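J.: Quick check, what structure comes out for this input:
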Amino acid sequence: MVSSADPADSRTLPLLVVVLGPTGSGKTALSVALAEQFGGEVVNCDSVALYRDFEIGTAKPSASDRARVPHHLLDVYVPDEDVTAGDYARRARLVLQEIAARQRLPVVVGGTGLYLRALIEGLFAGPQRCEDLRNRLRSRAQAKGSTYLHKVLHRLDASAAQNIHANDTPKLIRAIEVCLTSKKEMSTMWEEGRNRLEGFRVLRIGLNPERKDLYAHLNQRAQQMFASGLVEETRALRAKYGDAARPLSAMGYKQALQFLRGEVDLNTAITSAAQAHRNYAKRQMTWFRREPDVHWLPGFGNDVEIQKRALSILKSQSAQP
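T.: Here you go, the predicted structure:
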C-alpha cells in the first residue's frame, strides 16, 4: 500500500470508484454499467446483501448482472453471524487489493454508509468484544425491542445514535459496548487515529433522483417484493434460522415477519415496508451528503443519460495524469 502520497503522486495511483446514493436509486445498474465499460469488478457495500439466502428483500444483483461482471462480497456470511463495520472493511480491503493486482477497476456499491466510511476512512482502535455484555444486551433487545437499545445509545452517544437505525440491533450492541467498555463516546473515537485506505484514488459518484420520483419507486418496489414472494422467503428463512437471524430485522423482512406472526395484515405490512424504505432513503442522503467530493447526478442509475454522464466522469478521471 502507498503511504500518504502528495497530490502529484496520488494521480499515479489506481482508481477506486464508489457508487453511492439512497436505496432504490439504481446503484446496481450504474455500477454494472461502469464496471462493464471499464474492465471493472463490483464490490458489495450493503450490510444485508452480505448474508446468504436473503434475496428478494435485499434486491441483490440479478444472475444476468453477475454474469456481465464479477461481483464480490455477496452471500459470504450465514445469517446468525454478527458482522461489524470492521469485519466488512478488513475483508473488503483485501478484495480491493486483489482486484487492483489484476489491473481491474474496483467499483464499490451499496447504501450502508457506516461500512463505506469504515472502508475508505478507516476504523478507530475500539475495545475488544465483551461477550457477557453482548449477551445481556441481546436479552434486553429480545425482551424490550431494539428501540430500547437505541434509547440507551442515545443517552450514551447521541451522535452515534443518529447514524444507526433503531432496528439495527448488531450495530447498536457494538456501539453501546464501545461506549461502556471504553468510557468514551464512539463518535469521538471515530475521529481519533483512523486507519484510512491508502493506495487508491477514490472517485465518488452519487445518485440523487427527485424525492417524489424516488418515493414513488420505493412504494412500487415494496409492493413488488411482496408480490415476488417476500413472505414465502421470510417464512423459509425463519424456519431455517429462527426469529433471531440478524437480517430478519431489515426492512421488508421485518414487516413480512410481522405479517407471519399475525401482528398486521398484508396491506399494512406492505405500507409499513414502503414507509421504512422512504425513511431509510432520507437518512441515507443525510449521511451521504457528508461524503467529500461526490459527483452528484440528478437521476436514477438505470437511466441511459445518467449512465452516460457517469461514464464521462469516470473516463476523465481515468485519463489522469
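
J.: mind listing the strands for the chain?
T.: Counting by DSSP state E, one finds strands in the chain at the ranges 15-20, 40-44, 71-72, 105-109, 201-207, 294-297.

J.: Around A89, how many other residues sit close by?
T.: Neighbourhood size, A89 [other CB atoms under 10 Å]: 23. Every residue, glycine included, has its C-beta placed from N, CA and C.

J.: Let me know whether it touches L116 as I believe.
T.: No. Counting by CB atoms under 8 Å, A89 stays clear of L116, with 9.2 Å between them.

J.: how many neighbours does A158 have?
T.: 11.

J.: start at 246 instead
T.: Happy to do that; since the first residue is 246 now, the last one works out to A403.

J.: Report the buried residues of the longest helix seen in the chain.
T.: Counting residues, the longest helix found in the chain (DSSP state H) is helix 511-533. Within helix 511-533, the residues that qualify as buried are 514-523, 525-526, 528-530, 532-533, counting by 16 or more other CB atoms under 10 Å.

J.: Can you tell me the closest non-neighbouring residue to the residue nearest the centre of the chain?
T.: The centre of the chain sits closest to T357, judged by CA atoms, centre = their mean, with a distance of 2.1 Å. Nearest residue to T357 in three dimensions, chain neighbours excluded: S292, at 4.4 Å (CB to CB, 6 or more residues apart in numbering).

J.: tell me the pLDDT at the one you found?
T.: You'll see S292 listed with a pLDDT of 94.

J.: OK, contacts around it?
T.: Counting by CB atoms under 8 Å, 6 or more residues apart in numbering, S292 touches 328, 333, 355, 357, 360.

J.: Now the two most distant members of the residues you listed.
T.: Using CB to CB, the two most remote members of the contacts of S292 are V328 and G355, lying 13.3 Å apart.

J.: Can you pick out the residue with more neighbours from the two?
T.: G355 (27 against 19).

J.: Find the nearest non-adjacent residue to that one, please.
T.: C290 (3.0 Å).

J.: how many neighbours does that neighbour have?
T.: 28.

J.: surely it meets Y360?
T.: Yes. Assessed by CB under 8 Å, C290 is found in contact with Y360 at 5.4 Å.

J.: Next, show the common contact partners of those two.
T.: With CB under 8 Å, 6+ apart, C290 and Y360 have common neighbours 333, 337.

J.: What's the local residue count around K457?
T.: 8.

J.: My error: substitute L398 in the last question.
T.: 24.

J.: residues touching it, list them.
T.: Contacts of L398 by CB under 8 Å, 6+ apart are 405-406, 409, 417, 420-421, 424.

J.: For it, which non-adjacent residue is closest in space?
T.: Once flanking residues are discounted, L398 sits nearest to A406: 4.5 Å by CB to CB, 6+ apart.

J.: Same check on D298?
T.: L482 (6.1 Å).

J.: My guess is that neighbour contacts A501. True?
T.: No. In this structure, L482 is not within contact of A501 by CB under 8 Å, at 9.3 Å.

J.: more crowded one of these two?
T.: Neighbour totals were compared for L482 and A501, and A501 leads with 28 against 23 (other CB under 10 Å).

J.: From L417, how far out is the more buried one?
T.: 22 Å (CB to CB, to the nearest Å).

J.: so which of the contacts of S292 comes closest to I558?
T.: G355 (19.2 Å).

J.: Contact partners for that closest one?
T.: 265, 272, 289-292, 294, 361.

J.: quick one: least confident helix or strand in the protein?
T.: helix 252-255 (a mean of 52; mean pLDDT, DSSP states H and E).

J.: what number of residues lie near L425?
T.: As a measure of burial, L425 has 15 neighbours, counting by other CB under 10 Å.

J.: That one is in contact with R379, isn't it?
T.: No. L425 is beyond contact range of R379, at 10.9 Å (criterion: CB under 8 Å).

J.: who touches both of the two?
T.: By CB under 8 Å, 6+ apart, no residue touches both L425 and R379.

J.: Residue ranges in the stretch 296-445 of the chain under the pLDDT threshold?
T.: For the stretch 296-445 of the chain, residues meeting the criterion pLDDT under 70 lie at 370, 435-438.

J.: redo that, cut-off 80
T.: Applying pLDDT under 80 to the stretch 296-445 of the chain flags the ranges 368-374, 408, 432-439.

J.: which residues in it form helices?
T.: Here the stretch 296-445 of the chain has its helices, by DSSP state H, counting those that start in this stretch, at 308-313, 330-346, 358-366, 376-389, 391-401, 403-407, 414-427, 431-435.
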